[in-house]
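A.B. asks: Task: produce atomic coordinates for the following.
(4 chains)
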Protein chains: 4
Amino acid sequence: MKRKLRLGMVGGGQGAFIGAVHRLAARIDDKYEFVAGCLSSTPEKAKESAKEIGLDLSRSYPDFKTMAEEESKREDGIEVVSIVTPNHMHAIPAIEFLNKNIHVICDKPMTSTMDEAHELMKVIDSSKAHFFLTHNYSGYPVIREMRALVKNGELGKLRIVKGSYLQGWLGSKEEDTGSNKQAEWRTDPKRSGAAGSVGDIGSHTMHLLEFVTGLKCEAVAADLTTFVPGRQLDDDASIMIRMSENVKGNLSISQIATGQENNLTISIYGEKGALHWAQENPNYARLSIVGSADKIITRGGVIQHEDSFGSIRIPPGHPEGYLEGFAQIYSDAADILLDHKNKNKLLELLPNGETGLQIMKFINASVNSSKNNSSWTDLNAI
Amino acid sequence: MKRKLRLGMVGGGQGAFIGAVHRLAARIDDKYEFVAGCLSSTPEKAKESAKEIGLDLSRSYPDFKTMAEEESKREDGIEVVSIVTPNHMHAIPAIEFLNKNIHVICDKPMTSTMDEAHELMKVIDSSKAHFFLTHNYSGYPVIREMRALVKNGELGKLRIVKGSYLQGWLGSKEEDTGSNKQAEWRTDPKRSGAAGSVGDIGSHTMHLLEFVTGLKCEAVAADLTTFVPGRQLDDDASIMIRMSENVKGNLSISQIATGQENNLTISIYGEKGALHWAQENPNYARLSIVGSADKIITRGGVIQHEDSFGSIRIPPGHPEGYLEGFAQIYSDAADILLDHKNKNKLLELLPNGETGLQIMKFINASVNSSKNNSSWTDLNAI
Amino acid sequence: MKRKLRLGMVGGGQGAFIGAVHRLAARIDDKYEFVAGCLSSTPEKAKESAKEIGLDLSRSYPDFKTMAEEESKREDGIEVVSIVTPNHMHAIPAIEFLNKNIHVICDKPMTSTMDEAHELMKVIDSSKAHFFLTHNYSGYPVIREMRALVKNGELGKLRIVKGSYLQGWLGSKEEDTGSNKQAEWRTDPKRSGAAGSVGDIGSHTMHLLEFVTGLKCEAVAADLTTFVPGRQLDDDASIMIRMSENVKGNLSISQIATGQENNLTISIYGEKGALHWAQENPNYARLSIVGSADKIITRGGVIQHEDSFGSIRIPPGHPEGYLEGFAQIYSDAADILLDHKNKNKLLELLPNGETGLQIMKFINASVNSSKNNSSWTDLNAI
Amino acid sequence: MKRKLRLGMVGGGQGAFIGAVHRLAARIDDKYEFVAGCLSSTPEKAKESAKEIGLDLSRSYPDFKTMAEEESKREDGIEVVSIVTPNHMHAIPAIEFLNKNIHVICDKPMTSTMDEAHELMKVIDSSKAHFFLTHNYSGYPVIREMRALVKNGELGKLRIVKGSYLQGWLGSKEEDTGSNKQAEWRTDPKRSGAAGSVGDIGSHTMHLLEFVTGLKCEAVAADLTTFVPGRQLDDDASIMIRMSENVKGNLSISQIATGQENNLTISIYGEKGALHWAQENPNYARLSIVGSADKIITRGGVIQHEDSFGSIRIPPGHPEGYLEGFAQIYSDAADILLDHKNKNKLLELLPNGETGLQIMKFINASVNSSKNNSSWTDLNAI
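C.D. replies: Presented below is the predicted three-dimensional model:
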């Protein structure tokens, strides 16, 4: 008989965006049963949200501490918890659940500060439970195929990587309208951390580049700007990067790029080939090989490595979207937790504590570089 | 407390494609609880499939007749059944469940023959239960937005419609490989009906054109071809069409269009404007208005009519795919069945028996026209 | 020392469009010297136009008959004449110049009526001079590359061809505005012939399909419509086609397709591969081969057959446009006339009298089919 | 009677690329007569090249000094000279001709060194003749339309500019193959100057950004890299930029970007709107305005400012390419020299000595910044 994992959630109540996405993503491949939650830091709202969703109210908790305690006592208690709160509320509940050996699926970035990141990392290292980070774009099948192609050496020795994540939704002072909770916390250093756009979407961009290439970012020279007057955090950044193995590149990150929706793109150039991908039409990539005509990779199409682990739910040409990419992370996490035969391979794919720490270093090195007149800043010095 | 509809399924067992899609689509918006099934016409396989999926085995039935009887007796019996079998097995189970006043969500086309279609229609008309047809592409938010734009008169009096659905997967005799069940039944007149490609994907194309424009196809002049030697049904068709209100146009339908995945496109031209959409990148449409620069409509973007009922799960730029479009049909059906305030509006949107009958006429008129040297054939004469 | 051909022109005076294009195209590769003309049927305007262009006024003629006589007497008389008048004025001057053994480069379609076409064909057959037709789209390098690929068998046995040429500029009654000479003569049966859109742009579409595939159109079933009230000729057409070697397909032709500029596209499908091209971005084609990822052919790129004769003036990625494609026809004509070593190969490429006659049959068969309730009409019966 | 300008050329002999482009561009709009040249620094080759092209051999000169002297003495001597030699041979002949009051149209960048640039600038300032620089991409009609839109304030206060010029042709050591003259001189500091890719194509990118926005680059922080071992100049660069009026941005410049042909793109973001353009499909731009659906600007289409001076030779949808863009610079230069009524407006559009000097500062500041650990470098300090 099919076995589903018992899932809980911290955050994700009424008015939240990403919590609903996590729940939907968890449903898609039907490997979880959502059974408990502390959906809001306001107990009243937590309860109201639980009702709306249809959660058993006896397992809707007023605070995550109680939840961790109570659930860990039950025989049918949650096995996994999703943490979908703003950044400053990632580390504390994650630590709480990990200490109870409950697996954690945490929204990115890992924490709001480097100190929290290091502290959480220690707990991750010592816990028997797993910690996964939803760098969801790495769940797109074509992204995983690109990773397999790079790994197989199809591009030769890598030379340049370029990433760009452009949004326009923060082009004016949305955080003051009183109706945009997303804008409020994402531009608030207390909840978001030291960076705005770089932490929110620069983090995804760098993760994708590292994920696809297997390289690590080593140093950055960054120019962060706050274009909207009165905003507390950066809303735009140009970042020059140096990756391991002498690969170089740059990033364009913006949340004030008028007219842009979620224009995340990456390009990888090697001596023998190149790969290009764009999130807004994510079922395709372009593969250049020196001396050949460019090829179009399609999700589920002809070019497909077994070890790309890009699950295909439906045939090529019928687009899978953002939610299916997100679902992949949940599906893989479930397979790991249920000891699937690919467990070890999947562990290589899923973003974990180490990934989170590295991205935290990238974020904070960028902020420091920008404060220091864009001077080259080593990630290992963070 | 949130109320979910109890859902059963006929068909969709091991090796089937569309059944899994229906279940996934039903999960996405969390308005259904999948509780019973007759997943295969082979009792053994039905049971095996039920196990795999995690269905309560006491509600896995060896045949749909038993299922209809047993479930209609239970207090917690299914309220809705999805019929996801090959075409020739649509009418009989649908009639069975409708007669028990269990709502039916049926895969398209409605039936394999005109006779069955008429018979089923009679039952639909007399049943208290609803009958919905999964012309799933009409669930895409941008398609619904296009419908709203046309309805609002933005294109002026319509003149031309064009549709194209091109696939390449049947370019060789896949039905003889022994490993492609989809190819087997879709090219088999006993299971598929009188048409191959025209019934399978031409049906979707015509439905979309009728859905977006509100027009009806009145006559066709068709040239159906079987390019792959030995195949029993058409695998390619050119069809000239005449719609109501003197609108004209044509269709290109093919399952032997080498290299094509699911290249479904439609264009609508009016005196004042035009609209274009392509299924493989379905979150966008192009809107031309005489005297203006072409505009790009994005899912969830600036151009958005309240009454388009194009549900948006995630912000623009994060693509929703085929499964979300499919899910929309399930979600709307649930809202109708649970008496949502938009019930009447949604009833206009969802493909029903009447829709199914019209599309059956289109399919059979195309076959007849082609047999009759492509002469113009009236749908009402079918 | 480089030798240039002495070129004259009939038509192309003030207010004309295509004459200026021909002159520009002739200049691009610097193989012609423009020395004489009868630029308008109105002698006054002919002179005025000659002045504006900078033509030696002693060689600006009041009528083409005088021009043919005078120029054929001069030792430095024109060797080639471009005929760029409306359709009804193609045959008569062409015959005049051919009879003087002056080569003719004529705008398409060859004539306005079948009778003229047959008459002209006789003269072409008996003249020592060449007759070329500016089906200019066949001058695009990527189109020629596609022709080479088909010829080399890369697509296998062909199955389907599809062509579409969509414009929107005649969406309202432009011919009545008094300021649109192009609209006036192109919608006037006396000057244009029996067809409107089918003659004007359908002709190009069919020529391209025949050019790229090497097939001939054998029969059509057409539905021509005049959507703009009061217009005398068709402004829209759907045409089902049967080509030689059992290839089938269809065409969409429209000059009332709101918002369309010059959206000419072709697709060729064979058993092993397919090719797609769009005129509005003409430096690229898409090549599908069964079992391979789709490839992007670029002008001057990696995939390039020596015998495609697609001259490349500038490196790939720097687009060549419509004028360069047009120039190719002039350049090839010059090479033929100057006995270039590729003369015989180029003669196969350039549209000639035979091409013109075939396209005239296509146009008139389409008109006849449409008048005859879209019944299948054999081109050889025209 | 139409008057054409007498044109000479320095450089552009056999084996050269850009000389042929200049001649073709000068022919397109028929405003020049090519009458004299010193087509190679090797007298023998100069003569041979002259013959091939069909130049009157009496006006084919063995060196540019003689040419300047002889032509300036003739009554029918050249009025304009095109200088199409490698960078190190721009300043000396330009000075020679300017001193004879012969107008100069010079390939970019202006010179190979800052010293030459300053020296040439002095002569330009004191000469009665004009000096134009062929930053040819600014001749594209859509680029000029974008400039007009920005000038009209459609984007509001500007915030960010981004430019990218990616080529792959120098991905391996082409300069050592013995068959690639372009690679040889462009990677040779003696002929090219201090920069490789930044001078060759970064110069175009920065010029376009300044041209479209009316802003000036004030400072750069650059990371230049030579990826191909043994190469003497940079073949890749990431550059962060600060423009006047507090606009920021970045550039990606590469000649080792595997698979890229001439992928030049720019994006301009303001508070109210944004514009995007890509050279490889240059007849279109995308215009975003806050609160509106994105619009597609087409060459010659609906959005068109009279003062954009984007000459349109052929109707929209029929692409104009690189050569037509190039021709625009020649056409405008001719109009200026022949005192066209738009002379003053055109003088604002054409790149001149001042433009050239600014771009030289950009190139050299980038080189200096990169040598200085990517520190911010002020262009005015160069």
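A.B. asks: Please enumerate the helices of the stretch 101-250 of chain A.
C.D. replies: Counting by DSSP state H, counting those that start in this stretch, the stretch 101-250 of chain A has these helices, from start to end: A:114-126, A:141-151, A:181-186, A:189-192, A:197, A:203-213.
A.B. asks: For residue C:110, which of these is the nearest?
C.D. replies: helix A:141-151 (49.5 Å; Cβ to Cβ). C-betas here are computed from N, CA, C, even on glycine.
A.B. asks: what's the domain layout of chain A?
C.D. replies: Per the record, chain A has its domains at A:5-133, A:141-310+A:353-371, by automatic domain parsing.
A.B. asks: now do the same end-to-end measure for the shortest one.
C.D. replies: Spelled out, it's domain A:5-133. Taking Cα to Cα, to the nearest Å, domain A:5-133 runs 18 Å from one end to the other.
A.B. asks: Do that domain and chain B come into contact?
C.D. replies: Yes. Against chain B, domain A:5-133 shows contacts by Cβ under 8 Å from any Cβ of the partner chain at A:17, A:20-21, A:23-24, A:27-30, A:51-54.
A.B. asks: Give me the neighbour count for the nearest residue to residue A:364 once chain neighbours are set aside.
C.D. replies: Once flanking residues are discounted, residue A:364 sits nearest to residue A:382: 5.0 Å by Cβ to Cβ, 6 or more residues apart in numbering or on different chains. For residue A:382, the neighbour count with other Cβ atoms under 10 Å in any protein chain shown is 19.
A.B. asks: quick one: residue A:382 and residue A:368 touch, right?
C.D. replies: Yes. Between residue A:382 and residue A:368 there is a contact under Cβ atoms under 8 Å: 7.1 Å.
A.B. asks: Pick the most buried one from the helices of the stretch 101-250 of chain A.
C.D. replies: Highest mean neighbour count among the helices of the stretch 101-250 of chain A (mean count of other Cβ atoms under 10 Å in any protein chain shown): helix A:197, with a mean of 27.
A.B. asks: and the longest helix seen in chain A, what does it pack onto?
C.D. replies: If you go by DSSP state H, chain A has its longest helix at helix A:353-371. For helix A:353-371, the elements it packs on are helix A:114-126, strand A:131-133, helix A:203-213, strand A:217-225, strand A:236-243, strand A:377-378, judged by 3 or more Cβ pairs under 8 Å, 6 or more residues apart in numbering or on different chains; DSSP states H and E.
A.B. asks: Export those as JSON lines, with columns for mean pLDDT.
C.D. replies: Putting the helices and strands packed on helix A:353-371 into JSON lines (pLDDT from 0 to 100) gives the following:
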{"stretch": "helix A:114-126", "mean pLDDT": "98"}
{"stretch": "strand A:131-133", "mean pLDDT": "98"}
{"stretch": "helix A:203-213", "mean pLDDT": "98"}
{"stretch": "strand A:217-225", "mean pLDDT": "98"}
{"stretch": "strand A:236-243", "mean pLDDT": "98"}
{"stretch": "strand A:377-378", "mean pLDDT": "98"}
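A.B. asks: Can you redo those as a markdown table, where the extra columns are distance to residue D:149?
C.D. replies: Shown next, in a markdown table, are these (distance: least, Cβ to Cβ, whole Å):
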| stretch | distance to residue D:149 |
| --- | --- |
| helix A:114-126 | 44 |
| strand A:131-133 | 42 |
| helix A:203-213 | 29 |
| strand A:217-225 | 24 |
| strand A:236-243 | 22 |
| strand A:377-378 | 38 |
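A.B. asks: These: which one's closest to residue B:63?
C.D. replies: Nearest of these (Cβ to Cβ): strand A:131-133, 43.4 Å.
A.B. asks: Show me how far the closest one is from its chain's centre.
C.D. replies: In terms of Cα atoms, centre = their mean, to the nearest Å, the centre of strand A:131-133 is set 9 Å apart from its chain centre.
A.B. asks: One more: stretch A:325-340?
C.D. replies: 15 Å.
A.B. asks: One more: stretch A:309-328?
C.D. replies: Relative to its parent chain, stretch A:309-328 has a centroid offset of 17 Å by Cα atoms, centre = their mean.
A.B. asks: for the record, mean pLDDT for it?
C.D. replies: Stretch A:309-328 carries an average pLDDT of 92.
A.B. asks: any residue of that stretch up close to chain C?
C.D. replies: No. If you take Cβ under 8 Å from any Cβ as the test, stretch A:309-328 misses chain C, and the best it gets is 10.9 Å.
A.B. asks: Only alpha carbons, please: show that stretch as PDB.
C.D. replies: Output of stretch A:309-328 as PDB, limited to C-alpha atoms (Å, rounded to 0.1, in the frame of the first residue of the first chain):
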ATOM      1  CA  PHE A 309      16.500  13.000 -12.500                       C
ATOM      2  CA  GLY A 310      14.300  15.400 -14.200                       C
ATOM      3  CA  SER A 311      11.000  13.800 -13.600                       C
ATOM      4  CA  ILE A 312       8.500  14.100 -16.500                       C
ATOM      5  CA  ARG A 313       4.900  14.000 -15.600                       C
ATOM      6  CA  ILE A 314       3.500  14.700 -19.000                       C
ATOM      7  CA  PRO A 315       4.700  14.500 -22.600                       C
ATOM      8  CA  PRO A 316       6.900  17.100 -24.200                       C
ATOM      9  CA  GLY A 317       5.100  20.100 -25.700                       C
ATOM     10  CA  HIS A 318       2.600  20.200 -22.800                       C
ATOM     11  CA  PRO A 319       4.300  22.700 -20.600                       C
ATOM     12  CA  GLU A 320       5.100  21.900 -17.000                       C
ATOM     13  CA  GLY A 321       5.300  25.100 -15.000                       C
ATOM     14  CA  TYR A 322       6.600  26.600 -11.800                       C
ATOM     15  CA  LEU A 323       4.400  24.500  -9.600                       C
ATOM     16  CA  GLU A 324       5.700  21.300 -11.100                       C
ATOM     17  CA  GLY A 325       9.300  22.400 -10.600                       C
ATOM     18  CA  PHE A 326       8.500  23.200  -7.000                       C
ATOM     19  CA  ALA A 327       6.800  19.800  -6.600                       C
ATOM     20  CA  GLN A 328       9.900  18.100  -7.800                       C
END
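A.B. asks: What residues of it count as buried?
C.D. replies: Within stretch A:309-328, the residues that count as buried by 16 or more other Cβ atoms under 10 Å in any protein chain shown are A:309-311, A:313-328.
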